[in-house]
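Participant: from the sequence below, what's the structure:
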Amino acid sequence: MASIRNLKKDINFVIGEIIEAVYVWELTHPKKDTKESEKIIDDALSLYDRLIASIHQKEVESPKQHFNGIREELEKEGRALIDRINTLS
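Facilitator: Residues are numbered from 1 along each chain as shown. Sure, this is the predicted structure:
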């Protein structure tokens with residue numbers, strides 16, 4: 001099983017890249033409304049908080065299955081946020 005430290009690094013990297021992509025979009029589209037892009041950032045930070053809280057749960061039945069579920073949620077939710085960035089107009 002991969003270490004918890006690496007999982008935390010992956011979460012930090014993915015969420016950081018998503019937020020950076022939103023900021024790049026905002027800089028390249030200065031006249032566009034930023035309400036939706038700000039919502040994406042808020043959702044990314046909410047996802048970060050939720051995943052980190054899941055990592056720190058003490059009472060889990062199967063740690064390996066628990067951490068694999070966190071990794072899968074990161075991938076699924078991260079892709080959804082990236083899709084939302086790609087649909088910004």
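
Participant: on the three-state scheme, residue 31 is what?
Facilitator: coil (DSSP: H, G, I helix; E, B strand; the rest coil).

Participant: now it: how far from residue 20?
Facilitator: Separation of residue 31 from residue 20 (CB to CB, to the nearest Å): 21 Å. All C-beta atoms are positioned from the backbone trio N, CA, C, and that covers glycine.

Participant: more neighbours: which of those two?
Facilitator: residue 20 (10 against 4; other CB atoms under 10 Å).

Participant: how many neighbours does residue 34 have?
Facilitator: 15.

Participant: quick one: mean pLDDT for the host helix or strand of residue 74?
Facilitator: Using DSSP states H and E, residue 74 sits within helix 63-86. Averaging pLDDT along helix 63-86 gives 96.

Participant: residues in contact with that helix?
Facilitator: If you take CB atoms under 8 Å, 6 or more residues apart in numbering as the criterion, helix 63-86 is touched by 1-2, 4, 7, 10-11, 14-15, 18, 21-22, 25, 36-37, 40, 43-44, 47, 51, 54-55, 57, 60.

Participant: many thanks, I have nothing further to ask.
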